[in-house]
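*Asks:* No letters, just coordinates:
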């Protein structure tokens with residue numbers, strides 16, 4: 001297989017766009033998500049349109065055993081992954097003490113544990129070959145605490161700092177780790193998380209544009225890539241380091257209140 005990219009959350013949204021971009025460049029794929037049916041649709045489309053090989057692995061990455069099972073399946077098939085794109089993740093809206101703990105625990109398992117485990121399993125192989133790239137999808141949420149999305153914002157802060165740290169650990173290799181931080185993006189995320197009726201998601205970037213920015217940043221070995229921000233959001237982001245913490249918290253809360 002040629003320049004294999006393993007992409008999680010590849011059945012919809014940004015993940016599906018990553019798969020399309022990679023296939024368009026002639027690369028083969030291992031695509032991962034919960035829905036085998038949706039993955040098979042992506043496989044059929046990409047193989048017929050771009051003449052690439054696409055392997056489907058249907059797994060629920062919120063389950064603790066899933067990352068190791070994915071790694072073992074790839075190794076058993078004799079596939080060498082060149083690009084690891086950890087895209088799978090989800091959010092949830094509401095006050096922390098009122099939300100179902102099982103939902104937030106699943107979010108932590110998917111957004112943090114699965115991403116970390118997959119990176120840990122595949123990275124030694126990249127180091128051994130001294131080639132490869134990792135792209136972790138974080139969020140501009142990682143710049144600040146997120147009242148009404150407390151756990152989600154915290155998980156994305158983890159992804160950003162984890163990605164940046166291991167990038168520096170690999171300074172003496174040819175492997176790069178890129179952290180993609182999208183703003184509000186037009187995907188199923190807003191509807192599933194309950195954010196589609198908030199000011200924060202009143203204007204959204206296209207999943208295609210965000211995926212292109214992230215993929216191109218990965219190829220260039222960039223440390224951080226910010227994508228999908230409006231002009232006013234860029235201004236706000238630039239002001240975050242100078243805002244009093246309580247003012248920032250109040251601003252973020254108001255942006256995330258359901259109208």
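*Replies:* Sure, I can see it. The model shown is predicted, which means the values in this text are computed figures rather than measured ones.
*Asks:* all contacts plus neighbour counts: C-alpha atoms, from now on.
*Replies:* Fine.
*Asks:* Residue 124: neighbour count?
*Replies:* Residues within reach of residue 124, counting by other C-alpha atoms under 10 Å, total 11.
*Asks:* hey, which helix is longest across this protein?
*Replies:* Assignment by DSSP state H gives helix 150-169 as the longest helix of the chain.
*Asks:* That one: how far from the chain's middle?
*Replies:* On the basis of C-alpha atoms, centre = their mean, to the nearest Å, helix 150-169 sits 11 Å off its chain's mean C-alpha point.
*Asks:* mean confidence score for it?
*Replies:* Average pLDDT, helix 150-169: 98.
*Asks:* tell me which residues of that helix are tucked away?
*Replies:* By 16 or more other C-alpha atoms under 10 Å, the buried positions in helix 150-169 come out as 150-160, 162-164, 167.
*Asks:* Farthest pair within those residues?
*Replies:* The largest separation in the buried residues of helix 150-169, counting by C-alpha to C-alpha, is between 150 and 167 at 26.2 Å.
*Asks:* name the helices or strands packed onto the longest helix of the chain?
*Replies:* Packing contacts for helix 150-169, counted by 3 or more C-alpha pairs under 8 Å, 6 or more residues apart in numbering; DSSP states H and E, involve helix 101-108, strand 133-137, strand 176-182.
*Asks:* contact partners of the second one?
*Replies:* Judged by C-alpha atoms under 8 Å, 6 or more residues apart in numbering, the contacts made with strand 133-137 from elsewhere in the structure are 82-88, 115, 119, 159, 163, 175-182, 214-215, 218-219, 221.
*Asks:* Helix 150-169 and that strand, what's the angle between them?
*Replies:* Strand 133-137 and helix 150-169 are oriented at 160 degrees to each other (axes from the mean of the first three to the mean of the last three C-alpha atoms, to 10 degrees).
*Asks:* Run the chain-centre distance for strand 133-137.
*Replies:* Distance, centroid of strand 133-137 to centroid of chain: 8 Å (C-alpha atoms, centre = their mean).
*Asks:* Adding mean pLDDT and mean neighbour count, write the helices and strands packed on helix 150-169 out as a markdown table.
*Replies:* Shown next, in a markdown table, are the helices and strands packed on helix 150-169 (pLDDT from 0 to 100; neighbours: other C-alpha atoms under 10 Å):
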| stretch | mean pLDDT | mean neighbour count |
| --- | --- | --- |
| helix 101-108 | 98 | 15 |
| strand 133-137 | 98 | 25 |
| strand 176-182 | 97 | 26 |
